[in-house]
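K.L.:
Dropping the sequence and predicted coords here.
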Amino acid sequence: MEYLRANAKDAALATAETFSDKKQVWVVDQEDGFVKATVLEDKGESFLVSKVTSHEELTVKKEDTQQINPPKFEKLEDMANLTYLNEASVLHNLKQRYYSTMIYTYSGIFCVAINPYARLPIYTKEVINSYKGKRRTEMPPHIYTVADESYQTMIQQRENQSILITGESGAGKTENTKKVIQYFASICGVEGKSADHGAGLDEQLVQCNPVLEAFGNAKTIKNDNSSRFGKFIRIHFGAQGKIHSADIERYLLEKARVTYQNPEERSFHIFYQMLKGMSQAELDECLLTNQPANYALLSNGDVIVDSLCDPELFAETKQCMSILKFTPELQMKIFKFTAGILHLGNTTLKSNKRDEGCTVDDSQWIDKACHMFGINAVEMTKALIKPRIKVGSEYVHKGQNADQVKYSIGALCKSIFEKIFTLVLHMCNETLETKLRKNFFIGVLDIAGFEIFDFNSFEQLCINLTNEKIQQFFNHHMFTLEQEEYRKEGIKWDFIDFGLDLEPTIELIERVS
């Protein structure tokens, strides 16, 4: 199977190489991580080696070298079967498979996916059908195998299952989550169809992705379509294994992105989709122009993203919202509130000379925002400039300077956007809900990716902390406890510390006092 398994000719060539584990070792290389080196002389505690590619000679400690696997293990589908399971061999195996456009590789019960940054023809209906009901060893590595195993285990053991999809930003988590959902929607079928002959539950489940991506994804430095929130998708099944309903929980929406973006980044896609994809009549109704640079909250202006076509994506977003039973009136209300955020963000202030207060410099923006929100602009201005607060048992109006009002406007914009996102998610869940009995579910966890920016928001700190806690959970249950089993069974084993050195950092952040 092209793109999934090495062809017979390439496999024969790879395994035909001569091999001697005593002559070659892996050595550290500043540019490539690890490279093969030929041992020229054994000096007791060190080797004199010559790098195979550059022929550079150097002396390295034996403990800094790693053993090379025989050629028959080249491009191995399951790295748990490697004779020498070390970092260099794992990276080499993944790299060689990736260069042959095989992006999926097993490592025991895990499936490692490397983003090809290209559309590969490995997610077609024919490929889905070829994986249905097959054992892991019968087919090449694929995310569909993980999905099918969870489904078969749920049916046979009558227990709920979960799939964890994790990795740094840009690794392909969201895309693989969509492929898992696509697989279930394709092979499981739905108990009954919609009464109004519209889209079935399986199609509605798939169509949630473009809508949530519009309101929850953004371009970051590493990723053009980065999820800026985490989600746990539960697909509920009946006793016969048919999809009965679904629901989505969300975590850690990066609200700070509404008011600030790092250089070369964008805010949430929906802002740009609206400005570039709305008709002139729709733009007029929302009092918008089609230039992102006209809005202060889109701080980097019209950031061009080659991989995204905003007009096409906006049309897709609207189409998916219709499939999910968002009425045209509700869609326009959502777009108006989103437009209102852009208008509110353009509000400018000037300080009073006689006191520490301030006034609105140009009222057109707050007037436009309030028109979109359907509220009184005068009352809104008063609430921002001189908010009413409770002092003791009485209410008084508190004067604020320009910086304080600007901060309040930013907080208000972030809060309104979160409410919009919550409404969109609520509508998706309402459409996916049915009255059919839920016997079991398969959960798919897709959390926002680990990233380090020049300027990191509080939300990004929470995202990174969550990723690290999941990594620690993974290490503990899959490695630490496994090594403990080796010890109990008397197996000779050199215990390995799998990154537990970051545990003190987690404790520092989570400590109550």
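P.N.:
Now that the structure is in, tell me what you want to look at. Numbering: from 1, shown residues only.
K.L.:
Any buried residues in whichever strand or helix holds Lys36, and which?
P.N.:
Using DSSP states H and E, the element containing Lys36 is strand 33-42. Residues 34-39 are the ones in strand 33-42 that count as buried (16 or more other Cβ atoms under 10 Å). C-beta: built from backbone N, CA, C; applies to glycine.
K.L.:
which other helices and strands contact that strand?
P.N.:
When contacts are defined as 3 or more Cβ pairs under 8 Å, 6 or more residues apart in numbering; DSSP states H and E, strand 33-42 packs onto strand 24-29, strand 46-51, helix 87-99.
K.L.:
Figure out how far the longest helix along the chain is from the centre of its chain.
P.N.:
In terms of residue count, the longest helix belonging to the chain (DSSP state H) is helix 402-432. Centroid separation for helix 402-432 versus its chain: 21 Å, with Cα atoms, centre = their mean, to the nearest Å.
K.L.:
can I assume His397 is in contact with Lys390?
P.N.:
No - taking contacts as Cβ atoms under 8 Å, His397 lies outside contact range of Lys390: 11.4 Å.
K.L.:
Now the common contact residues for these two.
P.N.:
Common neighbours of His397 and Lys390 are not found (criterion: Cβ atoms under 8 Å, 6 or more residues apart in numbering).
K.L.:
Please point out which parts of stretch 207-218 sit buried.
P.N.:
207-218.
K.L.:
just checking, which of those belong to strands?
P.N.:
Secondary structure from DSSP state E places 217-218 of the buried residues of stretch 207-218 in strands.
K.L.:
okay, now Asn81: neighbour count?
P.N.:
Using other Cβ atoms under 10 Å, Asn81 has 13 other residues around it.
K.L.:
Next one: it relative to Arg97, how far apart?
P.N.:
Using Cβ to Cβ, to the nearest Å, Asn81 is found at 14 Å from Arg97.
K.L.:
Tell me where the stretch 51-200 of the chain has helices.
P.N.:
Using DSSP state H, counting those that start in this stretch, the helices of the stretch 51-200 of the chain run over 87-99, 125-131, 143-157, 173-187.
K.L.:
likewise the stretch 251-400 of the chain?
P.N.:
269-277, 280-285, 310-323, 328-345, 364-373, 377-385.
K.L.:
Just list what the longest one packs against, helices and strands only.
P.N.:
Counting contacts by 3+ Cβ pairs under 8 Å, 6+ apart, the secondary-structure elements packed against helix 328-345 are helix 269-277, helix 280-285, helix 310-323, helix 364-373, helix 402-432.
K.L.:
again, only this time at 10 Å
P.N.:
Packing partners of helix 328-345 (3 or more Cβ pairs under 10 Å, 6 or more residues apart in numbering; DSSP states H and E): helix 201-216, helix 269-277, helix 280-285, helix 310-323, helix 364-373, helix 402-432.
K.L.:
Work out the gap between the host helix or strand of Ile235 and the centre of the chain.
P.N.:
According to DSSP H and E, Ile235 maps onto strand 230-237. Computed by Cα atoms, centre = their mean, the separation of strand 230-237 from the middle of its chain amounts to 15 Å.
K.L.:
repeat for stretch 462-476
P.N.:
14 Å.
K.L.:
What mean pLDDT does stretch 273-280 get?
P.N.:
Taken as a whole, stretch 273-280 has an average pLDDT of 96.
K.L.:
Contacts for that stretch, please.
P.N.:
With contact meaning Cβ atoms under 10 Å, 6 or more residues apart in numbering, stretch 273-280 is reached by 214-215, 270, 282-286, 288-295, 298, 302, 308-318, 335, 338-339, 342.
K.L.:
Make CSV out of the buried residues of strand 33-42 and add pLDDT and distance to Tyr3.
P.N.:
Formatted as CSV, the buried residues of strand 33-42 follow (pLDDT from 0 to 100; distance: Cβ to Cβ, whole Å):
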residue, pLDDT, distance to Tyr3
Phe34, 95, 26
Val35, 94, 27
Lys36, 93, 27
Ala37, 93, 32
Thr38, 93, 34
Val39, 93, 37
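K.L.:
of those residues, closest to Ser89?
P.N.:
The shortest gap between Ser89 and any of those belongs to Phe34, at 8.7 Å (Cβ to Cβ).
K.L.:
Against Arg257, how distant is Ile304?
P.N.:
According to Cβ to Cβ, Ile304 and Arg257 sit 18 Å apart.
K.L.:
between those two, who's got more neighbours?
P.N.:
Arg257 (23 against 9).
K.L.:
Show the buried residues in the contacts of stretch 273-280.
P.N.:
The neighbour-count test (16+ other Cβ under 10 Å) marks 214-215, 270, 282-283, 286, 288, 292, 295, 298, 308, 310, 313-314, 316-318, 335, 338-339, 342 as buried among these.
K.L.:
Model confidence at the residue lying closest to Ala339 once chain neighbours are set aside, what's the number?
P.N.:
In space, and not counting its chain neighbours, Ala339 is closest to Cys286: 3.9 Å by Cβ to Cβ, 6 or more residues apart in numbering. pLDDT for Cys286: 97.
K.L.:
about what we covered before: quick one: which of the helices and strands packed on strand 33-42 is nearest Phe229?
P.N.:
Nearest of the helices and strands packed on strand 33-42 (Cβ to Cβ): helix 87-99, 28.7 Å.
K.L.:
Against which helices or strands is the closest one packed?
P.N.:
strand 24-29, strand 33-42, strand 66-67, strand 104-107, strand 110-113.
K.L.:
what's the average pLDDT for that helix?
P.N.:
For helix 87-99, mean pLDDT is 94.
K.L.:
Give me the angle between that helix and strand 33-42.
P.N.:
Counting by axes from the mean of the first three to the mean of the last three Cα atoms, to 10 degrees, helix 87-99 points 130 degrees away from the direction of strand 33-42.
K.L.:
Please state the offset of helix 87-99 from the chain centre?
P.N.:
Between the centre of helix 87-99 and the centre of its chain there are 24 Å (Cα atoms, centre = their mean).
K.L.:
and that helix with strand 24-29, angle?
P.N.:
90 degrees.
K.L.:
Which parts of helix 87-99 count as buried, going by neighbours?
P.N.:
88-90, 92-94, 96-97.
K.L.:
any chance of those residues in JSON lines, plus distance to Leu164?
P.N.:
Shown next, in JSON lines, are the buried residues of helix 87-99 (distance: Cβ to Cβ, whole Å):
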{"residue": "Ala88", "distance to Leu164": "26"}
{"residue": "Ser89", "distance to Leu164": "25"}
{"residue": "Val90", "distance to Leu164": "20"}
{"residue": "His92", "distance to Leu164": "26"}
{"residue": "Asn93", "distance to Leu164": "22"}
{"residue": "Leu94", "distance to Leu164": "19"}
{"residue": "Gln96", "distance to Leu164": "26"}
{"residue": "Arg97", "distance to Leu164": "22"}
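K.L.:
Good, wrapping up.
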